[in-house]
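# The following block contains a protein sequence and its predicted model.
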Amino acid sequence: KDLPPGPPCLPVIGNLHQLDCSAVHRSLWKLSKTYGPLMSLKIGSIPFQVVSSARMAREIIKNHDPEFSARPQPRVMQKLSYNGLDVAFTSYPDKYWREMRRLYVLHVFSPKRVQSSQSIREDEVSKMIMDISSLSFEDYFPVVGGMIDHFTGLPSRIQRVFEELDSFYETIIKEHLTRDRAGSEEQDIIDFLLQLRQDNKSSSLDITTDRIKAIIMNIFIGGTDTNAATLEWAMTALRNHPRVMTRLQEETRALFGHKDFISEDDLPSLPYLTAVVKETLRLYPPVPLLLPRQTASHCTIDCYNIKPKSRVLFNAFAIGMDPEYWGSDPEAFFPERFMDSSVDFKGQDFGLIPFGSGRRGCPGVLLASHVVELALANLANSFDWELPQGMEGEAVDTEAAPGTTTHRKTDLCLLPKMKAHYSIEQEPS
Ligand code: HEM
């Protein structure tokens, strides 16, 4: 009786009938308006607690983070993570998780390592811009499809996906082992892990091949689809808000319009770009329910009793719409709200947590923000974007497809037109 309030549920299916499976985060947001910022419900027979306001997220992460930092262990992720050898799906509290997390934060995704891979990101974004430039006028901008959903299904399917991924990781590791790195200054994450394995035999954390594969899995699943989805939603929102697109293009072109490519060193002089990325992550968080958490022990929140092993969802979408935090018009796409504000997505501001927060918060946040800002800056700077013939003037729909990472339901079709040439004389003095 002292559980948080929630909608009445049916036998067997629980509250499933109240959830729109292509936008569960939206259904949960609507329910939270009736039942409050900490809400109990059942998905099938499994009880969940759902966190839907910035105040509640702050209360939990500031005062109860250790109790809320375990993760449920879905069978498919157990298999794909080599039985929990990664970070994202490892149980908590656990010595192995602590050491791996330390490795990620201090080495694999440290600011120094992210900086050292700057030229790789610039090469990739530059290739993308060249590819788009060489398309014929009728060609559409392709969108990367969801991947994670393919991982659900029958055990045989899980096994097949596991084997495919495993052989992909083997190839990557072999390539790195046979590559002649002599004289090369660029050491990527795999080079670093292989080096660590060689140097660090005595450390308590033995870097086995399966552990390296589990780390590649986290990078591959956590760090590719999410960045692609963020770009997809950013371009959708920009297309539907031409005023914002124009202001973004004015910002990039005033400073760098004469250049073919905006580099990462140029990004700090583009504050409106950063505001557009933040606003996209607020309204379209690519992982809107974060990764599920599980309580490690009993705790009391706002007089409610939360039992050990309760599943917990943080609804980052609902939190991004919280009127107590965002004021009267949270549904508007309005990047200006970030222009004179220090609110950031790194996990310290509880109204904006698309990367989560606390002990289990995303360790790839710095890398992700570099990739997304670099790609978006160049897409906006190099091209004007139009809708295909016959669709001009129409709003692009914003319907989402089901999945842990939220993509658009339909492909986003936009036509790139090379920008008019900007000469040095057009630069502001
Ligand atoms: C836009 C891009 C990204 C988004 C939106 C995103 C989002 C998230 C979210 C919501 C979580 C769960 C946080 C929580 O439970 O509090 C997470 C965890 C994680 N992310 Fe990301 N992520 C992104 C990019 C990346 C990248 C680039 C990497 C690595 C290359 C990465 C690796 C991870 C890992 C390893 C975890 C598990 C952390 C743990 O459980 O201790 N992510 N991410």
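Perfect, I can see it now.
# ok, which stretches of the stretch 1-150 of the chain are strands?
Along the stretch 1-150 of the chain, the stretches classed as strands by DSSP state E, counting those that start in this stretch are 38-43, 46-51.
# out of those, nearest to the ligand?
Closest to the ligand of the strands of the stretch 1-150 of the chain is strand 46-51 (CB to the nearest ligand atom; 10.8 Å). All C-beta atoms are positioned from the backbone trio N, CA, C, and that covers glycine.
# could you dump the strands of the stretch 1-150 of the chain to TSV with distance to residue 97 and mean neighbour count?
As requested, these are arranged in TSV below (distance: least, CB to CB, whole Å; neighbours: other CB atoms under 10 Å):
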stretch	distance to residue 97	mean neighbour count
strand 38-43	25	22
strand 46-51	22	22
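# Helices of the stretch 51-200 of the chain, start to end?
Under the criterion DSSP state H, counting those that start in this stretch, the stretch 51-200 of the chain contains helices at 54-64, 75-80, 95-103, 111-116, 118-133, 155-178, 189-199.
# and the fourth one, what other elements does it pack with?
Using 3 or more CB pairs under 8 Å, 6 or more residues apart in numbering; DSSP states H and E as the contact criterion, the secondary-structure elements in contact with helix 111-116 are helix 365-382.
# I'd like to know the average pLDDT value across the helix it packs on.
Average pLDDT, helix 365-382: 97.
# Okay, buried residues for the helix or strand just after that helix please.
Downstream of helix 365-382, the next assigned helix or strand under DSSP states H and E is strand 383-386. For strand 383-386, burial by neighbour count (16 or more other CB atoms under 10 Å) applies to 383, 385.
# For strand 383-386, which outside residues touch it?
132, 235, 238-239, 245, 249, 379, 392, 414-419 (CB atoms under 8 Å, 6 or more residues apart in numbering).
# Let's have those residues in JSON lines, adding neighbour count, distance to residue 126 and secondary structure.
Below are those laid out as JSON lines (neighbours: other CB atoms under 10 Å; distance: CB to CB, whole Å; DSSP: H, G, I helix; E, B strand; the rest coil):
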{"residue": "132", "neighbour count": "17", "distance to residue 126": "11", "secondary structure": "helix"}
{"residue": "235", "neighbour count": "23", "distance to residue 126": "18", "secondary structure": "helix"}
{"residue": "238", "neighbour count": "25", "distance to residue 126": "21", "secondary structure": "helix"}
{"residue": "239", "neighbour count": "19", "distance to residue 126": "23", "secondary structure": "helix"}
{"residue": "245", "neighbour count": "18", "distance to residue 126": "22", "secondary structure": "helix"}
{"residue": "249", "neighbour count": "20", "distance to residue 126": "19", "secondary structure": "helix"}
{"residue": "379", "neighbour count": "23", "distance to residue 126": "12", "secondary structure": "helix"}
{"residue": "392", "neighbour count": "8", "distance to residue 126": "30", "secondary structure": "coil"}
{"residue": "414", "neighbour count": "21", "distance to residue 126": "20", "secondary structure": "coil"}
{"residue": "415", "neighbour count": "18", "distance to residue 126": "21", "secondary structure": "strand"}
{"residue": "416", "neighbour count": "19", "distance to residue 126": "15", "secondary structure": "strand"}
{"residue": "417", "neighbour count": "12", "distance to residue 126": "19", "secondary structure": "strand"}
{"residue": "418", "neighbour count": "10", "distance to residue 126": "15", "secondary structure": "strand"}
{"residue": "419", "neighbour count": "15", "distance to residue 126": "16", "secondary structure": "coil"}
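# Now tabulate those residues in CSV and tack on distance to the ligand.
Below are the contacts of strand 383-386 laid out as CSV (distance: CB to the nearest ligand atom, whole Å):
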residue, distance to the ligand
132, 21
235, 14
238, 17
239, 19
245, 20
249, 23
379, 16
392, 30
414, 20
415, 26
416, 23
417, 27
418, 28
419, 26
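# and this protein, which residues reach the ligand?
Neighbours of the ligand within the chain, by CB under 6 Å from any ligand atom: 87-88, 101, 218-219, 222-223, 226-227, 230, 286-287, 290-291, 293, 354-357, 360-364, 367-368.
# Pull the contacting residues for residue 20.
The neighbours of residue 20, taking CB under 8 Å, 6+ apart as the test, are 26-27.
# where's it relative to the ligand, distance?
Note on residue 20: its distance to the ligand, by CB to the nearest ligand atom, to the nearest Å, is 21 Å.
# any idea how far the residue nearest the centre of the chain lies from residue 88?
Most central in the chain under CA atoms, centre = their mean is residue 226, positioned 4.1 Å from the mean C-alpha point. As judged by CB to CB, to the nearest Å, residue 226 and residue 88 stand 12 Å apart.
# What degree of burial does residue 213 show, as a neighbour count?
For residue 213, the count of nearby residues is 22 (other CB atoms under 10 Å).
# can you check residue 372 too?
Residues within reach of residue 372, counting by other CB under 10 Å, total 22.
# and it, how far is that from residue 38?
Distance, residue 372 to residue 38, by CB to CB: 31 Å.
# From the rest of the structure, what touches stretch 24-35?
Identification of contacts with stretch 24-35 by CB under 8 Å, 6+ apart yields 4-7, 15, 18-20, 39, 41, 50, 52-53, 285, 288-289, 313, 315-318, 321, 402, 406.
# Check which helix or strand the residue nearest to the centre of the chain maps to.
Using DSSP H and E, residue 226 maps to helix 225-240.
# and that helix, how far out from the chain's middle?
Chain-centre distance of helix 225-240: 11 Å, with CA atoms, centre = their mean, to the nearest Å.
# Compute the number of surrounding residues for residue 355.
For residue 355, the neighbour count with other CB under 10 Å is 23.
# Checking it next. Helix, strand or coil?
At residue 355 the chain is in coil, as set by DSSP: H, G, I helix; E, B strand; the rest coil.
# Tell me who's in contact with it.
Taking CB under 8 Å, 6+ apart as the criterion, residue 355 is in contact with 345-347, 361-362, 364-365, 368.
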